[in-house]
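> what follows is a predicted protein model with its sequence.
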Amino acid sequence: MIDEKMMDRFAGALLGLAVGDALGTTLEFAPRTTTGEPPHTEMVGGGPFNMKPGEWTDDTSMACCLAESIVTRKGFDERDQLERYVRWMDEGHWSVKGRCFDIGGTTSRALNRFKRTGHVWAGKGTENDNANGSLMRLAPLPMAWFRQSSEFVADLAAKSSRTTHGGAEAEAACRLWAVLIADAIKGQDDPGRYIGKVPAEAYTLRSRVYRATQGHTVGTDTPATGYALDGVELALTALCSTTTFEAGLVAVVNQGGDADTNGAIYGQLAGAVYGASRIPARWITKLAWRNKLEDLTVDLWKFAKGGK
């Protein structure tokens, strides 16, 4: 018997990522919304890339490339993933504008390195490779393999990160996020156990997760940069201090900074926690390429039922 609630949570991961991206793009690179200002709550587009309402950026484009690779290759194929990322960068594959208009520096360098060398682990393992570009696109991976063990999902997430972001903290963040999303899809989300899901050697990530789960609310001291661990802390703080998908996402994107990516990081986990049915309909109905996103979700679900 198909668990409809599980399917709802499954769909929420990818839709939540796209919604977070589309809501956050308006405030990308903007300063934090200050007390007394009305918060940004609606998909109105604009932002630095002059988006139309509901349009999304590189976060969702790369997630769609990853999802497409998984369902087309019927498994995990780093080379195919990278080739699709390059098509997005060079030709606008999976871009709502038909061209690549927003790409992080770490991602760009890695993809160009792959084009030159053909090496699939194109992300360098330096401190400068701990940006959030591998975390923002991650949802399709735990969606595809949520039925597998946490260790299996975490290892694939680390390999996925290494294609563009080889820094130890970026990998650790992806390992954690993949396990949390997979657990949430299965209905096993438990903030009290988040700390226990952190890789043993990831001491800095552990401290961030601990701080985020201690009942604090998103505030002026909550980071909103493009650093992977900042994205984890912001998203978990919002998730643990609010009771709806909407309230958490509004808190995240109104921090400004890397608002679209931090929205996508929050959205993919919160979407799996709450389910697609609890993401505001006024946001989902505005999503660009909504039908394509839903088709990808169906294909991932079919793979997950028999995926290895």
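Yes, it's here.
> so where is this structure shaky, pLDDT-wise?
Residues of the chain that meet the criterion pLDDT under 70 lie in 1-2, 307-308.
> how about the contacts made by the residue nearest to T72 when sequence neighbours are not counted?
Closest residue in space to T72, ignoring its immediate chain neighbours: D80 at 7.4 Å, by C-beta to C-beta, 6 or more residues apart in numbering. C-beta: built from backbone N, CA, C; applies to glycine. D80 makes contact with S69, T72, R73, according to C-beta atoms under 8 Å, 6 or more residues apart in numbering.
> I'd like those as CSV, with neighbour count appended.
Output for the contacts of D80, formatted as CSV (neighbours: other C-beta atoms under 10 Å):
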residue, neighbour count
S69, 22
T72, 13
R73, 13
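> tell me the one of the residues you listed nearest T164?
S69 (13.5 Å; C-beta to C-beta).
> which residue would you name as the spatial centre of the chain?
Geometric centre of the chain, nearest residue: M136, 3.2 Å, by C-alpha atoms, centre = their mean.
> what's the distance between that residue and G306?
Distance of M136 to G306, given as C-beta to C-beta, to the nearest Å: 28 Å.
> and if you look at D221?
The spacing between D221 and G306, counted by C-beta to C-beta, is 46 Å.
> circling back to that earlier point, closest one of the contacts of D80 to T225?
Distances from T225 to the contacts of D80, taken by C-beta to C-beta, are shortest for S69, at 28.4 Å.
> now do the helix or strand where the closest one lies: distance to the chain's middle.
Using DSSP states H and E, S69 maps to helix 58-73. In terms of C-alpha atoms, centre = their mean, to the nearest Å, the centre of helix 58-73 is found 12 Å from the chain centre.
> could you point out the helix or strand that follows that helix?
helix 78-91.
> ok, T204 - contacts?
E169, L229.
> counting neighbours, which bits of the helix or strand harbouring it end up buried?
In the assignment (DSSP H and E), T204 maps to helix 203-212. Across helix 203-212, burial judged by 16 or more other C-beta atoms under 10 Å covers L205, R206, R208, V209, A212.
> and the third one, how far from G125?
If I follow you right, that is R208. R208 is 20 Å from G125, by C-beta to C-beta.
> do the same with the second one
Remark: distance between R206 and G125 (C-beta to C-beta) = 20 Å.
> same thing with the fourth one?
Computed with C-beta to C-beta, the distance linking V209 and G125 is 22 Å.
> and what of the last one?
Shown here: A212 relative to G125, a distance of 25 Å by C-beta to C-beta.
> what of the first one?
Distance of L205 to G125, given as C-beta to C-beta: 16 Å.
> how about the nearest residue to the residue nearest to the centre of the chain, chain neighbours excluded?
D59 is the one closest to M136 (C-beta to C-beta, 6+ apart), at 4.2 Å.
> I'd say that neighbour and D258 touch.
No: between D59 and D258 there is no contact under C-beta atoms under 8 Å: 9.8 Å.
> nice, that's everything, thank you.
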